Structure formats: C-alpha cells, structure tokens
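J.: pasting a predicted model and its sequence here:
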Amino acid sequence: MEHQVTTIDATKWVHTFRMQPFRIEDADVQDLEEIARVHRESWVDAYTGIYPQTRFDSEGHEFFVNYWKPVFADTNPVHKNLIARHLDTGAIIGVGVILPPTSEQPDIAEVDRLYVTPEFRRHGIGLAFLQEIRQHLLQHDIPTMGAWVVDGNPIGHSFWKKNGFTFDPSDPSAITEFDGDRTGIFLHHYLRSIATPLE
C-alpha cells in the first residue's frame, strides 16, 4: 500500500505516503509565520484564475499573519488548529482548522482553511486531516462535518466528494465579495456524517 500509518500513541499517528512521512499535529502559535506562508502560497495556487489578481496582490504575507492571530485566540474547546509536518525536514506542509458549531447550525462543525502545499497534494495529507478532525468531533459528540467550496474549483469539489461529503440539501450558497464589489463567485456547502470512518 502507498499510504501506511504507524501508531505513536492512542491519538497520534505517523503517516507515510509515497515514502513521504508526515504527522498531523496541533498547531502552535510559535509557528504562525510559517502557517501564514503555507496558507497563502497554497491559496494563491488553488485560486489563480478564479479570484482576480488584484486580490492576490493586496493580500500578502502580513495579511495572512493577521488573519491567523484571532484564530489562535479562540478558546472554544471544539475549535482546533492543525498542521501537517514533514518528519524528515520539519517543515509545515499543510494547515487546517475546525470551527465550532453555531447557534444556527448546532450539529455542524466546519472544516476551514484546509490547505496543503502544492508539491505535497495527493499524498494523503487531506485525508489524514479529515481523520484527525473526525476523531476530535467524536469526542465532542458533534455528528456532522461541513465545508464550503468555491464554485469553479473542481479539485476542491472532487476532494470533498471523494471523502464522502455531499451537497447540503439546503445549499445556502453565498457570493464572495472583495473590496465591496461582488465577484460573482459562489460558495457551495458540503456535509458529511462522522458516523462512518474515512478511508
């Protein structure tokens, strides 16, 4: 098998995929600068051709550092910041966040800011993130994971569908905005029960 998992303890695993060892870890605020870099580089790669170039030009590294600061300040026990760390180099190669349910959707925790650096995509890292997130939500008795996906992002839609997510029947689509101007880009909502394991 290409994807092998070695148990470290009851809650942590080392994943090896195509000879690339990595581990999903809780993020540390000391890694904020590198997390911001990984997030921005992966975001630009994923959305070039979808968002206007003016957005990429205006949202540089410092924008993403400031974007993450309040994320680390959230003390809700369901909230969780995760990274994927390459065990040979120590580099962060992916990021992800679990957002707690809201009063409007008390049974859904959103998977947010899930990004993997381009050179390590299709290495099982996204799946490993989702497995970690599922275990966390099981501990908190939250039955459903949700995720928002930009229209026009076929790789994103394929990833969520492959991992058992389906369109939210209510599909509360929203339109993104930039500098107050509507870009006409829709977000679609996916849902997945945590009752069944991810493979």
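T.: Structure's in. What do you need?
J.: and the strands in the chain?
T.: 3-7, 13-17, 20-26, 80-86, 92-99, 108-116, 144-150, 166-167, 174-178, 181-193 (DSSP state E).
J.: distance to residue 39 added to these, as TSV?
T.: C-betas here are computed from N, CA, C, even on glycine. Formatted as TSV, the strands of the chain follow (distance: least, Cβ to Cβ, whole Å):
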stretch	distance to residue 39
strand 3-7	24
strand 13-17	21
strand 20-26	16
strand 80-86	10
strand 92-99	5
strand 108-116	5
strand 144-150	15
strand 166-167	26
strand 174-178	17
strand 181-193	18
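J.: find the nearest non-adjacent residue to the residue nearest to the spatial centre of the chain, please.
T.: In the chain, the residue lying closest to the centroid (Cα atoms, centre = their mean) is residue 114, at 1.5 Å. In space, and not counting its chain neighbours, residue 114 is closest to residue 96: 4.3 Å by Cβ to Cβ, 6 or more residues apart in numbering.
J.: run a quick neighbour tally on the one you found.
T.: 25 (other Cβ atoms under 10 Å).
J.: cool, residue 122 as well?
T.: Count around residue 122 with other Cβ under 10 Å applied: 12.
J.: for it, give its distance to residue 155.
T.: Distance, residue 122 to residue 155, using Cβ to Cβ, to the nearest Å: 10 Å.
J.: could the strands of the chain go into TSV alongside distance to residue 128 and mean pLDDT?
T.: Formatted as TSV, the strands of the chain follow (distance: least, Cβ to Cβ, whole Å; pLDDT from 0 to 100):
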stretch	distance to residue 128	mean pLDDT
strand 3-7	8	45
strand 13-17	5	52
strand 20-26	5	88
strand 80-86	7	96
strand 92-99	8	97
strand 108-116	10	96
strand 144-150	15	94
strand 166-167	21	92
strand 174-178	28	62
strand 181-193	16	80
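J.: looking at these, which is nearest to residue 57?
T.: strand 174-178 (11.4 Å; Cβ to Cβ).
J.: quick one on the thing from earlier: give the contact list for the residue nearest to the centre of the chain.
T.: 94-97, 126, 129, 147 (Cβ atoms under 8 Å, 6 or more residues apart in numbering).
J.: which of those residues are buried?
T.: Among the contacts of residue 114, those that count as buried by neighbour count (16 or more other Cβ atoms under 10 Å) are 94-97, 126, 129, 147.
J.: residue 82: what's its closest spatial neighbour, skipping adjacent residues?
T.: residue 96 (4.6 Å).
J.: hmm, that neighbour is touching residue 128, no?
T.: No - Residue 96 lies out of contact with residue 128 (Cβ atoms under 8 Å); the separation is 9.7 Å.
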